[in-house]
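> okay, sequence plus prediction incoming.
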Amino acid sequence: MTATLIRTALTLALLALGTPVDAKYQPEVVVSDPYVDLHTGPGRGYPIFYVAAQGDRITVLKQQTEWFKVRTPRGKEGWVHVSQMASTLDLDGQPIDFPTYGVSEFGKRRWVFGFGAGDFGGARILSAIGSFAFTPNISGELVASQVLGDYSDGYMGTASIVMTPFPQWRVSPFFVVGTGVITVNPQTTIVQSEERTD
């Protein structure tokens, strides 16, 4: 209770001083090339809808892989590729080093989350996947799935250890050891059936 009162008092004091509590750091850069293309999304397939001119100050809002979401002085928000951001300057006129990410950075990831859908013996299956890398070669993986069929539904869960001998390769063999459980719920109307779990 005391911690809540102190936190509330600090928040009110900051508001009274006019200081934003959750202010985000959004750096400004100056366009040094003749222009910078703003795309509608983070990819070359998205169309260019606006061009920021040389000397414009643009605000960097966020980064997504090799794309930066920026805001122009006229309030236009779009996405700029890192190759064009690399030629911008900071407010002191100095070049900025924007990091690029590739396969080696992807190999250093610890967590992976994903979703999948497909066919499981003629039934539709939806899966959620989570994985944690203990080392570059060994990771643990959990998969939870729901099976939706015409005559039965079910749930499936697996836990496994995945060993990747060559994680630095773009395509690598891997080995999996694990266990799982499946529960099938038959859809019957005349005969009462029981759930089956394996």
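Yep, it's here. Residues are numbered from 1 along each chain as shown.
> residues near the closest residue to residue 47 other than its chain neighbours, how many?
Leaving aside its chain neighbours, residue 47 sits nearest to residue 40 (5.7 Å; criterion: Cβ to Cβ, 6 or more residues apart in numbering). C-beta coordinates here come from the backbone N, C-alpha and C atoms, glycine included. Per other Cβ atoms under 10 Å, the neighbour tally for residue 40 reads 14.
> these two touch, right, residue 40 and residue 50?
No - the criterion here is Cβ atoms under 8 Å, and residue 40 misses it with residue 50 at 9.1 Å.
> overlap in contacts, those two.
Listed as contacting both residue 40 and residue 50 by Cβ atoms under 8 Å, 6 or more residues apart in numbering are residue 78.
> mind checking how far residue 116 is from residue 187?
24 Å (Cβ to Cβ, to the nearest Å).
> show me this structure divided up by domain.
24-101, 107-197 (automatic domain parsing).
> and those domains, which is most packed in?
domain 24-101 (a mean of 14; mean count of other Cβ atoms under 10 Å).
> and it, how far out from the chain's middle?
Relative to the mean C-alpha coordinate of its chain, domain 24-101 is positioned 21 Å out (Cα atoms, centre = their mean, to the nearest Å).
> mind checking which helix or strand of this protein has the lowest mean pLDDT?
helix 2-17 (a mean of 45; mean pLDDT, DSSP states H and E).
> following the chain onward from that one, which element is next?
Next along the chain after helix 2-17, taking DSSP states H and E as the criterion, comes strand 28-30.
> got the domains of the chain as a markdown table, with mean pLDDT columns?
Below are the domains of the chain laid out as a markdown table (pLDDT from 0 to 100):
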| stretch | mean pLDDT |
| --- | --- |
| domain 24-101 | 88 |
| domain 107-197 | 87 |
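> tell me how far the residue lying closest to residue 167 once chain neighbours are set aside lies from residue 172.
Excluding its sequence neighbours, the residue lying closest to residue 167 (Cβ to Cβ, 6+ apart) is residue 136, at 4.7 Å. With the distance defined as Cβ to Cβ, residue 136 ends up 11 Å from residue 172.
> mind listing the shared neighbours of the two?
What both residue 136 and residue 172 touch, as defined by Cβ under 8 Å, 6+ apart, is the set residue 164.
> let me know the secondary structure of residue 172.
coil (DSSP: H, G, I helix; E, B strand; the rest coil).
> having no further points to raise, I will conclude here.
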